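Trainee: give me a model of this one.
(6 chains, ligands or ions: 3)
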Amino acid sequence: MRINLKTLALGAFAAALPLLLPLPAMAADASTISSGDTAWMLASCALVLVMTPGLALFYGGMVRKKNVLSILMQCFFIMALISVQWILLGYTLSFGPDIKGIIGGLSFLGMSGVPVGDAAPLATTIPHTVFIMFQAMFAIITAGLITGAFAERMKFSVFVIFTLLWTTLVYDPLAHWVWGGGFLAQFGALDFAGGTVVHISSGVSGLVVALVLGKRLNKDREAMVPHNLPMTVTGAALLWFGWFGFNAGSALASNGLAGMAFLVTNTAAAAATLSWVFAEWLDHGKPTIFGAVSGAVAGLVAITPASGFVTPLAAIVIGLLVGPICYMAVSRIKEKLGYDDALDAFGIHGVGGTVGALATGLFATVAINAAGKDGLFYGNPHQLYVQFVAVLISWIFAGTMTFVILKVIGLFTPLRVSNEEEEMGLDAALHGEDAYGYGDMGLEGQGITG
Amino acid sequence: MRINLKTLALGAFAAALPLLLPLPAMAADASTISSGDTAWMLASCALVLVMTPGLALFYGGMVRKKNVLSILMQCFFIMALISVQWILLGYTLSFGPDIKGIIGGLSFLGMSGVPVGDAAPLATTIPHTVFIMFQAMFAIITAGLITGAFAERMKFSVFVIFTLLWTTLVYDPLAHWVWGGGFLAQFGALDFAGGTVVHISSGVSGLVVALVLGKRLNKDREAMVPHNLPMTVTGAALLWFGWFGFNAGSALASNGLAGMAFLVTNTAAAAATLSWVFAEWLDHGKPTIFGAVSGAVAGLVAITPASGFVTPLAAIVIGLLVGPICYMAVSRIKEKLGYDDALDAFGIHGVGGTVGALATGLFATVAINAAGKDGLFYGNPHQLYVQFVAVLISWIFAGTMTFVILKVIGLFTPLRVSNEEEEMGLDAALHGEDAYGYGDMGLEGQGITG
Amino acid sequence: MRINLKTLALGAFAAALPLLLPLPAMAADASTISSGDTAWMLASCALVLVMTPGLALFYGGMVRKKNVLSILMQCFFIMALISVQWILLGYTLSFGPDIKGIIGGLSFLGMSGVPVGDAAPLATTIPHTVFIMFQAMFAIITAGLITGAFAERMKFSVFVIFTLLWTTLVYDPLAHWVWGGGFLAQFGALDFAGGTVVHISSGVSGLVVALVLGKRLNKDREAMVPHNLPMTVTGAALLWFGWFGFNAGSALASNGLAGMAFLVTNTAAAAATLSWVFAEWLDHGKPTIFGAVSGAVAGLVAITPASGFVTPLAAIVIGLLVGPICYMAVSRIKEKLGYDDALDAFGIHGVGGTVGALATGLFATVAINAAGKDGLFYGNPHQLYVQFVAVLISWIFAGTMTFVILKVIGLFTPLRVSNEEEEMGLDAALHGEDAYGYGDMGLEGQGITG
Amino acid sequence: MKKIEAVIRPGKLEELKLALNEMEVRGMTIYNVMGRGLQKDVKQFYRGQEVSVDLFPKVKVEIICRDHWLERIVDMIQKICSSGKIGDGKIFVYPIEDIIRISSGERGDAAL
Amino acid sequence: MKKIEAVIRPGKLEELKLALNEMEVRGMTIYNVMGRGLQKDVKQFYRGQEVSVDLFPKVKVEIICRDHWLERIVDMIQKICSSGKIGDGKIFVYPIEDIIRISSGERGDAAL
Amino acid sequence: MKKIEAVIRPGKLEELKLALNEMEVRGMTIYNVMGRGLQKDVKQFYRGQEVSVDLFPKVKVEIICRDHWLERIVDMIQKICSSGKIGDGKIFVYPIEDIIRISSGERGDAAL
Ligand SMILES: Nc1ncnc2c1ncn2[C@@H]1O[C@H](COP(=O)(O)OP(=O)(O)O)[C@@H](O)[C@H]1O
Ligand SMILES: Nc1ncnc2c1ncn2[C@@H]1O[C@H](COP(=O)(O)OP(=O)(O)O)[C@@H](O)[C@H]1O
Ligand SMILES: Nc1ncnc2c1ncn2[C@@H]1O[C@H](COP(=O)(O)OP(=O)(O)O)[C@@H](O)[C@H]1O
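Mentor: Ligands and ions are numbered 1, 2, ... in the order given. Prediction:
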């Protein structure tokens, strides 16, 4: 069966070969390109790329020693898989010429019709190639976020197929709807950097996967605590760092709006860190670093859709709100409902993204972004309604599609590893490797003979 | 008592709420803004931000296993606490309209009067928001540097209050004096990127805290060696990386001066790495990686005030000098005087910053920066005198203020953890967490039951 | 003897002092400088700098616990050593006025004749200082790559001398030939970002060092497995991240070409990750993270010379090819030939660089870069011949020079550590340090008494 | 008094702790070990290089108990930790001559 | 000859080493263990999830000594490592049949 | 039955495993320890602060065997692990009263 799936996967790339024929037309340098805007966007591409390894460390530190490599592998593999999918198919589905508001046309299939010098159709001051890269990084990190929900128990081959299908069938359309001129954009939904497209979609999908897969072995008997919190903190730092490219880069230019997006992003992350830490401090008496980094990420998630539309003080409020809300979600609600969202992909991205998307409907103001809208607090209740609808659609679409995809894959193979493999740990069982030298005993030559 | 302090801290943020009312005026895009300069400054903001996690790893690797999280927590929490303080109060105190050369006025309180499109009053080619962010990162890292001195023994609640007071009462005024048009600027002191404001202030304050707190338990009996040097090296690398934004970003533009600042920064770090390593190699016979990274940081510290004023060859000399000087400070003088500057915040930042500030008075030349001054070696001995005075004032101001702040806090609560807590380790005692799974035994489920 | 070598090394720096006299001429701001291009190049300098610590972690995770610091030390020390060498001598040898196509003249010796405001002779839209920095980072990482071949057994003092001589006698001339207007440039060889100069030169030299030094102790009896794969993955992530500066920065501008270079770089890394993983999956049945990161680096290496000349689809093909080829090289050929290229500097950089340099002769097209050439697939077989010759020359030059340098050093001192030192581990034996607290036992105070 | 040394699968530790708790057996000392025996080797791969692992992570549980407790504890360990598969581990029983409780100086049975 | 196994608080190790040194007792083998006993659980929190820790880091010190040294060493360990609080640890004494010094092949007392 | 505890240099483990394998001795339990004895201190330096290390990493190999195997195993350990230099380690032999194989419940010699 595994072979079978491998063949499937390999097929996907074989499919690319015919595409090798078409060639980009001769370059025609578009005079509209600004070297300053391009410089910031190039830097932003790099910053967003590094978020995925950041996520890998953030998640990797949270799992048990025996599964850390499986986490790193999933995140790293996504960087590879989605980068190629994006070039060949994904980009054009998301940003090709709009077809009935539903999906993009195939004019950029396999990067055909992307001459080197052209400006991006949707951002005329930067090269098309840079816009493609920037968007590719979003598709990558989004797929990565989901992995936190099914950590420590999914088969690798299933993960590969799932990720490929999910990005193609869930992310690409959603990105088109919101950013590619699709119907949600036309409907007036505000999502500056991906509250719905990135965080709600991944968080809700993660919840569905967690429910379909079921709990990890012994989850109820054993406390499964992070095996390496410094690793998690390092990852969170890279996320915070890269998020500046994510949000401020979404201005698609090097200007005041980018500056303001940068400012509110940092502010919301900070406020949420404080509010999460104080919340747990008051709740159980200890301020934790795990809480601090979780709060920071929650704040970054919540400000993402709002980052180009709100004021610094609004960012503080959003941050102060989302911290305790996500803390409750992961410490209380999860317990209650009893699903095993292993690393809280839903608890932080699903919940935080929803908070942010709705908050955008409250705090958005044209004083910050003339191209934006006013929110409820600026006399436009309608925007809150619009945001609500957009959130609802994202929830339903991501949830159902994910469920369907899993069920289909389930027809071919079990989704979970065997109990023996789970007991042994995914690193040794699936990848034939150990993270820290065999059993971390550090015995000379790691107690292994060639 | 702790509750009491928590309430205090919480109060500080409650105080922010009224500020929620004022709203930035309508944006008016300043035609002076350069997208190129803005691009480099946005990148620089991200680079300087990442220095603080870098510092967290740099310091975190140096402590014992049982205290690594307390270090990471302090650095990470500072990112949150000072980011918010800066938005609400700090920025306007430092860079608001000058009041008698002493402090900035409140016109930017809570980011009021910061329209999205405006250029920065003090850097007219970049957006005001970007300037605010850039300066915020400096306030953050400076507070972070001090923590190295009181590592492994300070109460977390005390740390929170201390940091908030220190930044407001020490950093903000000092930044105004030197960069905000305060009296030291008027007096002609040269400090390109923060020799006095950042390094002397934090280093000297660290020394005072170390003296007030006293030594760590068993310091005299046990050697306390780094628990994870690769972590320290990783942190040093992030510091070196981020320091380019710190120094070259201080040109506040993307031009030849930024390029030269970048060049001398890298050169001084390199030269100091070599000189520290060769110094210890000749001294005790072993070239160490711990020495190499310490030398690099010492070099980066020393070049900071000089980075926009000196030539590459001068940078080599500064680097070659500061390495052995700091090596002596941490390996000999500390022993002699017997204070427990745990991670050498004073030994490297206090000493190195002083060396750099004075060296600026020797090597500065208008050939590099027409807006600067000539130093002693270029026929202007007066500049050395000016630098000396600036250093002296920074030492005295930071030292006394820190002492006062600690004594005041001491009236409400003990500054140190109990011996039991110190013995147990701050991670478990204060934060209720373990860095590497319980006791790093990696027992399945980490030997913990829910 | 060691002292003797130290003196030698120290001498090298003493030699610099006379250079302290000459002073850069008065700055004359060149009107050609673009703040946008400069912004991206400043960012690129930082990105390429961070590749070396990335390499340190990448390599450091692969060795045994007792040698990790020796790896970190070598990489970090190179950052220092080569930065200084570059300022004083290296840059002018590589990029000084061409002398008979062989070497650069001494006009930039010790940064003389580099006024702060000048534009770079070879890149008139950015400051000279920025160009110097950018090129310095290349010299650093190249020297770093070699260390993977002689890991875990070379004397540190020998390493210092070897690195200094190798960079001066091998890298500097080669850089001049290809990028400094030397004979290979005149001959028409295409190398956008360093397939020959960086990867072939370091890889082949590494192979020679490995052969001269011989195998590690017990290599045949014990399997020497990575002691910390998450560290290796973190390093690989930093390499991928920094490589954007390496390749896209090699456009020396912030434009469409940089964007395309960025795009193909990411694409090739992704494709090679996939092809390596699928290759091993089919070969031995397990997809590994170690394979994934190795594939990514192989892809980055292969696209380096091609990155400014080929299309995204060509990048996919190059990536799909290089993965399995390098996998075979490290898993089969190395076994067969039996040399101990400890961390596969040759297997990945030598082999991958050769694949990339030749592939450039196949896939290059003026549609991407008008300043480039067409390759075989675009009707110009001659270019493949040119590439082949350039590869051949790089192999022979790097190989012989390295051999000679080692033999000369061998006249003064043994190149390898003693068996006792190797058994004990280089960290304790050469550097007098332990990476994870003594023996990673984490005993309170690490079982050490002052 | 006897010393019981049980080498078990790491995954069984929590269950065993709970079970012994119910018997009021709390005192124990635990550490990670690597074990070798009849359990057959596992293959790992590093850059295609095959390495066969013959040491498996186990947990050693040491319990010092009064003689008449011995059988009950041994039975419980076996009951909890036995999966019937090779690699479950072994229990070793040793004689012990004396025990001192450091905090109080009590000796022998009293020290437990 | 006897084998002394002392389970102590990690913080006491250095002091104990110094004290034994002064008695000319140098030989010892040490490793980290996790201990469980009367010492009461400690609470930890991960994302608000409470976990109660019932295994505490201890250090085990093994000293093989001649019979007539036994009491002196035991007394010293107790003297140094006792804080009077629960969790100080225990000392176990076992019989040992033979010792071989690998480097020289000496056996019995001579091997120490 | 006997229990053999050998404290050896980490670098010798692989060779020892191979040698014992050829004698059909497969069962063993291994862990890292830190050892102290006649081996003389080593100096380390952290920011110029000298620390002298008196604990060296060793590996402890535990083998439970039938009485008549004792000498053969001890000899082999000594043969393989002896370099003649101080620090090679020691072999300790202890009595053992019983063995239970968890998976099958077999006791005594049968459990090996
Ligand atoms: N002769 C022995 N001496 C010491 N430890 C042993 C011995 N035999 C087995 N062990 C330990 O018991 C564990 C399980 O033994 P093994 O033979 O693999 O399975 P089983 O317990 O079913 O016999 C081994 O991993 C090892 O730690
Ligand atoms: N019955 C036992 N068997 C093995 N080890 C024990 C036993 N009882 C206690 N220990 C060890 O001694 C340590 C201290 O025991 P504890 O009961 O917590 O305090 P005290 O030493 O004051 O009695 C424990 O952590 C454990 O490692
Ligand atoms: N009296 C002892 N009790 C326990 N372990 C010991 C004793 N003496 C030595 N050892 C162990 O044996 C190891 C080697 O002993 P050492 O005296 O250093 O060299 P040698 O084996 O040549 O005598 C030590 O590191 C320690 O682990």
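
Trainee: and residue 63, what does it touch?
Mentor: If you meant another chain, say so; for now it's chain A. By C-beta atoms under 8 Å, 6 or more residues apart in numbering or on different chains, the residues touching A:Val63 are A:70-71, A:151-152, A:224, A:226-227, A:342-343. Quick note: C-beta positions are derived from backbone N, CA and C, even for glycine.

Trainee: not quite, go with chain D.
Mentor: D:3-4, D:6, D:20, D:25, D:27-29, D:73.

Trainee: closest residue of the stretch 1-150 of chain A to ligand 2?
Mentor: A:Lys65 (22.5 Å; C-beta to the nearest ligand atom).

Trainee: follow-up on the earlier one: reformat the contacts of A:Val63 as TSV; add neighbour count and distance to chain F.
Mentor: Formatted as TSV, the contacts of A:Val63 follow (neighbours: other C-beta atoms under 10 Å in any protein chain shown; distance: C-beta to the nearest C-beta, whole Å):
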residue	neighbour count	distance to chain F
A:Ser70	28	26
A:Ile71	31	26
A:Ala151	26	29
A:Glu152	23	26
A:Met224	25	24
A:Pro226	24	23
A:His227	27	19
A:Ala342	25	31
A:Leu343	28	31
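
Trainee: just checking, which of those belong to helices?
Mentor: Within these, residues falling in helices by DSSP state H are A:70-71.

Trainee: circling back to that earlier point, and which of the contacts of D:Ile63 is nearest to ligand 2?
Mentor: Nearest member of the contacts of D:Ile63 to ligand 2, counting by C-beta to the nearest ligand atom, is D:Gly27, at 2.6 Å.

Trainee: what two of the contacts of A:Val63 are the furthest from one another?
Mentor: Put simply, by C-beta to C-beta the two of those set farthest apart are A:Ser70 and A:Pro226, 15.1 Å from each other.

Trainee: tell me which element the residue nearest in space to the middle of chain A is part of?
Mentor: Centroid-nearest residue in chain A, with C-alpha atoms, centre = their mean: A:Thr142, separated by 2.4 Å. According to DSSP states H and E, A:Thr142 maps onto helix A:128-146.

Trainee: what of D:Val59?
Mentor: For D:Val59, the element it lies in under DSSP H and E is strand D:56-65.

Trainee: sorry, back to before: pretty sure the residue nearest to the centre of chain A sits against A:Val198.
Mentor: Yes: with contact defined as C-beta atoms under 8 Å, A:Thr142 and A:Val198 form a contacting pair (4.7 Å).

Trainee: where does residue 31 land in three-state SS?
Mentor: In the absence of a named chain, this looks at chain A. Secondary structure for A:Ser31, judged by DSSP: H, G, I helix; E, B strand; the rest coil, is coil.

Trainee: think we crossed wires, I meant chain D
Mentor: Classified using three-state DSSP, D:Tyr31 is strand.

Trainee: the closest residue to it other than its chain neighbours - how many residues pack around it?
Mentor: In space, and not counting its chain neighbours, D:Tyr31 is closest to E:Val33: 4.5 Å by C-beta to C-beta, 6 or more residues apart in numbering or on different chains. The number of residues packed around E:Val33, counting by other C-beta atoms under 10 Å in any protein chain shown, is 20.

Trainee: so who does the residue of chain D found nearest ligand 3 touch?
Mentor: Proximity of chain D to ligand 3 (C-beta to the nearest ligand atom) peaks at D:Tyr31, 15.8 Å away. Residues near D:Tyr31 by C-beta under 8 Å, 6+ apart: B:441, D:59-60, E:31-34, E:60, F:31.

Trainee: so, low pLDDT: which residues of chain D?
Mentor: Residues of chain D meeting the criterion pLDDT under 70: none.

Trainee: try 90 this time
Mentor: Applying pLDDT under 90 to chain D flags residues D:11, D:39-41, D:52-54, D:84, D:112.

Trainee: near chain F, which residues of it are found?
Mentor: Contact residues, chain D versus chain F (C-beta under 8 Å from any C-beta of the partner chain): D:2, D:6-8, D:31-38, D:54-55, D:58, D:60, D:74, D:77-78, D:81-95.

Trainee: which of those are buried?
Mentor: Among the residues of chain D next to chain F, those classed as buried by 16 or more other C-beta atoms under 10 Å in any protein chain shown are D:2, D:6-8, D:31-37, D:54-55, D:58, D:60, D:74, D:77-78, D:81-82, D:87-94.

Trainee: any chance of the contacts of A:Val63 in CSV, plus distance to ligand 2 and pLDDT?
Mentor: Listed next are these as CSV, based on distance: C-beta to the nearest ligand atom, whole Å; pLDDT from 0 to 100:
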residue, distance to ligand 2, pLDDT
A:Ser70, 33, 98
A:Ile71, 33, 98
A:Ala151, 32, 98
A:Glu152, 30, 97
A:Met224, 23, 91
A:Pro226, 24, 95
A:His227, 23, 95
A:Ala342, 31, 97
A:Leu343, 32, 98
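
Trainee: quick revisit: so which of the residues of chain D next to chain F belong to strands?
Mentor: If you go by DSSP state E, those have D:2, D:6-8, D:31-36, D:58, D:60, D:90-95 in strands.

Trainee: how near is the residue nearest to the centre of chain A to ligand 1?
Mentor: 44 Å (C-beta to the nearest ligand atom, to the nearest Å).

Trainee: give me the pLDDT value at that residue.
Mentor: Here, the pLDDT recorded for A:Thr142 equals 98.

Trainee: which residues touch it?
Mentor: A:Thr142 touches A:167, A:171, A:194, A:197-198, A:201-202, counting by C-beta under 8 Å, 6+ apart.

Trainee: can you check D:Thr29 too?
Mentor: D:Thr29 makes contact with D:61-63, E:7, E:33-36, E:58, E:60, according to C-beta under 8 Å, 6+ apart.

Trainee: can you name the residue of chain A nearest chain E?
Mentor: Taking C-beta to the nearest C-beta, chain E has its nearest neighbour within chain A at A:Ser331, 2.5 Å off.

Trainee: which one is residue 109 nearest to, not counting chain neighbours?
Mentor: If you meant another chain, say so; for now it's chain A. Closest to A:Leu109 by C-beta to C-beta, 6+ apart is A:Thr92, at 5.1 Å.

Trainee: switch to chain D, please.
Mentor: Using C-beta to C-beta, 6+ apart, the nearest residue to D:Asp109 is D:Arg66, at 5.9 Å.

Trainee: was I right about that neighbour contacting D:Gly108?
Mentor: No: in this structure D:Arg66 lies outside contact range of D:Gly108 using C-beta under 8 Å: 9.8 Å.

Trainee: find residues that contact each of the two.
Mentor: With contacts taken as C-beta under 8 Å, 6+ apart, D:Arg66 and D:Gly108 have D:Met1 as neighbours in common.

Trainee: ranges for the strands of chain A?
Mentor: Assigned strands in chain A, in chain order: A:98-99, A:103-104, A:119-120, A:123-127, A:448-449 (criterion: DSSP E).

Trainee: let me have the ones you listed in JSON lines, extended by distance to C:Asn255.
Mentor: As requested, the strands of chain A are exported to JSON lines (distance: least, C-beta to C-beta, whole Å):
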{"stretch": "strand A:98-99", "distance to C:Asn255": "28"}
{"stretch": "strand A:103-104", "distance to C:Asn255": "26"}
{"stretch": "strand A:119-120", "distance to C:Asn255": "11"}
{"stretch": "strand A:123-127", "distance to C:Asn255": "7"}
{"stretch": "strand A:448-449", "distance to C:Asn255": "51"}
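
Trainee: nearest to ligand 3, out of those strands?
Mentor: Evaluated with C-beta to the nearest ligand atom, the strands of chain A place strand A:448-449 nearest to ligand 3, the distance being 23.7 Å.

Trainee: give me the mean pLDDT for stretch A:92-110.
Mentor: The predicted model gives stretch A:92-110 an average pLDDT of 97.

Trainee: meant to ask about stretch A:259-272
Mentor: Per-residue pLDDT values over stretch A:259-272 give a mean of 98.

Trainee: so, in contact with chain B or not, it?
Mentor: Yes: Stretch A:259-272 reaches chain B (C-beta under 8 Å from any C-beta) through A:259-260, A:262-263, A:266-267, A:269-271.
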